[in-house]
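In: How does the following fold in three dimensions:
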Amino acid sequence: EVQLVASGGGYVQPGGSLRLSCAASGFTFETYTIGWFRQAPGKEREAVSLINSRDGSTYYEDSVKGRFTISTGNAKNSVFLQMSSLKPEDTAVYYCAAGEGYGLVLTSEFTYWGQGTQVTVSS
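Out: Reported below is the predicted structural model:
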């Protein structure tokens, strides 16, 4: 059974940092694209940052480049999102997701989803 368990969301002031974690099990990490999506109220779910476990190549949505860093754990059963210089527009529910294949980006390409974790950036 595939499981993705996300944690690490919370409330932070603008300019602050948070680290999201996703514990994954039940599938072969190396054949999947795994990472983070987010959905703000009234908006569509969008890819934030993704990583291809096979070679470590990454994708970042333009607005988070230079501020967010995605990584995997040594055992390659976890994925992390270090978020720095957070802005109010980063406020959303963040979801961990995995899709079988290389270089996936579209929401529809991801089969497995974890529960969301709320990130709120506000002063």
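In: Please tell me how far the closest residue to Phe37 other than its chain neighbours sits from Phe27.
Out: In space, and not counting its chain neighbours, Phe37 is closest to Tyr95: 4.7 Å by CB to CB, 6 or more residues apart in numbering. Placement of C-beta: from N, CA and C, glycine included. Noted for Tyr95: a distance of 16 Å to Phe27, by CB to CB, to the nearest Å.
In: Just want to know which of those two has more residues nearby.
Out: Using other CB atoms under 10 Å as the criterion, Tyr95 and Phe27 rank with Tyr95 on top: 23 against 18.
In: Can I get the helix or strand harbouring the more buried one in PDB, CA atoms only?
Out: Tyr95 is part of strand 92-100, with elements assigned from DSSP states H and E. Coordinates of each C-alpha in strand 92-100 appear next as PDB, following Å, rounded to 0.1, in the frame of the first residue of the first chain:
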ATOM      1  CA  ALA A  92      -1.700  27.300   0.900                       C
ATOM      2  CA  VAL A  93      -2.300  23.700   1.700                       C
ATOM      3  CA  TYR A  94       0.800  21.800   0.600                       C
ATOM      4  CA  TYR A  95       0.500  18.300  -0.600                       C
ATOM      5  CA  CYS A  96       3.200  15.600  -1.100                       C
ATOM      6  CA  ALA A  97       2.600  13.600  -4.300                       C
ATOM      7  CA  ALA A  98       4.300  10.800  -6.300                       C
ATOM      8  CA  GLY A  99       3.800   9.800  -9.900                       C
ATOM      9  CA  GLU A 100       5.500   6.900 -11.700                       C
END
